[in-house]
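Chemist: take this sequence and fold it.
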Amino acid sequence: MDSQLLIPILSGLSVVAIGGSFLLARVAKRAPLEARLGQIGGRITTPYVADRRSSGRLTGVVQNIGATVSSSKSSLSLREQLTQAGYHGADAASVYIGAKIILLVIGLGLALALILPTNFTQQHKLTLIGAIAMALFFLPNMVVASHKRKRCGLIRRHLPDAIDLLEICASAGMGLDTAWNAVTDEVRTVCGTLADEMALTNLEIHLGATRTDAMRHMAKRTGAEELSSLVAMLLQAERFGTSISEGLQSYATYMRETRSQRAQEAAEKMAIKLIFPMVVAIFPAVVLLMAGPAFISLYRATRPG
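Modeler: Got it, this is the predicted structure:
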């Protein structure tokens, strides 16, 4: 009776813990950036403070666990991966490691409760327990990788339009900084991720960083190679004194062609990706529909008596 109650209780706790981690990650992802942008515009970020107070306790526990297990300074690659996924907080690495440890413990407890009462052999039990624990342990890795791909895809999709707007503003006689701010406001209604990164780049410029360094930091934060090429183009224009608007126009044309080529490549890959579902789901149904009556008639004709 105790084991029958223990299994659903542990299952419910694991579901609540995993769902809570997703919700906390979603709330905390934009909070630091919104607070920094609010300080620039002089806005009071009361919702951010409220979110920090409501989710601070659980996040603090996870952060303390991660800080205890990990070293004092996280690796540069981990911080870059979390930044590219949209987690800009200074304690993102500690929360990430703490979440992995908590999920590992939950996975071990859940696996022990589910696998030990079964009739499997000892080796099979150990294998299943390790597989379940490792699956939950690497769940944050999959979440971070998914967010990274999603953010990079959004930026690559809307970057040509932003460069077009930047070129139009520069051709109209606006300065590059003023044009950058105007494009940031216009892009925000279409792609908030790109607008936030552009606003953060503008913040770095106001704090004293050069435009080239700020844009390089933006390219490193997003992981988009197109931004690195844009930085190289702007640096070349400033060094040789060429027209920035002409360079932006040429680069915008290149970006549109690249986006069209990627769309064509994805369309070409679609035929190969459809082979597996067609063979598994569609082809058996077609064979059964077309050859089924013939097989039934043949069976009836060859049946004795």
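
Chemist: show me where pLDDT drops low in the stretch 201-305 of the chain?
Modeler: Low-confidence segments of the stretch 201-305 of the chain, defined by pLDDT under 70, span residues 305.

Chemist: helices of that one, start to end?
Modeler: For the stretch 201-305 of the chain, applying DSSP state H, counting those that start in this stretch gives helices covering 211-222, 225-240, 244-273, 275-277, 283-302.

Chemist: between the ones you listed, which gets nearest to residue 115?
Modeler: helix 275-277 (31.4 Å; CB to CB). Placement of C-beta: from N, CA and C, glycine included.

Chemist: would you mark the buried spots in stretch 246-260?
Modeler: 247, 248, 249, 251, 252, 255, 259 (16 or more other CB atoms under 10 Å).

Chemist: what do you get for stretch 204-221?
Modeler: Neighbour-count burial for stretch 204-221 [16+ other CB under 10 Å]: 204, 211, 214, 215, 216, 217, 218, 219, 221.

Chemist: quick check: closest non-adjacent residue to the residue nearest the centre of the chain.
Modeler: Nearest to the mean C-alpha position of the chain, by CA atoms, centre = their mean, lies residue 147 at 0.7 Å. Closest residue in space to residue 147, ignoring its immediate chain neighbours: residue 85 at 4.0 Å, by CB to CB, 6 or more residues apart in numbering.

Chemist: for residue 108, same thing?
Modeler: Residue 108's closest residue in space is residue 133 (CB to CB, 6+ apart), at 4.8 Å.

Chemist: any idea of the pLDDT on the one you found?
Modeler: Per-residue pLDDT puts residue 133 at 84.

Chemist: neighbours around it, how many?
Modeler: Here the count is done by other CB atoms under 10 Å, and residue 133 has 20 residues near it.

Chemist: I'd like the distance between it and residue 110.
Modeler: Distance of residue 133 to residue 110, given as CB to CB, to the nearest Å: 8 Å.

Chemist: again with residue 278
Modeler: Taking CB to CB as the measure, residue 278 and residue 110 are separated by 37 Å.
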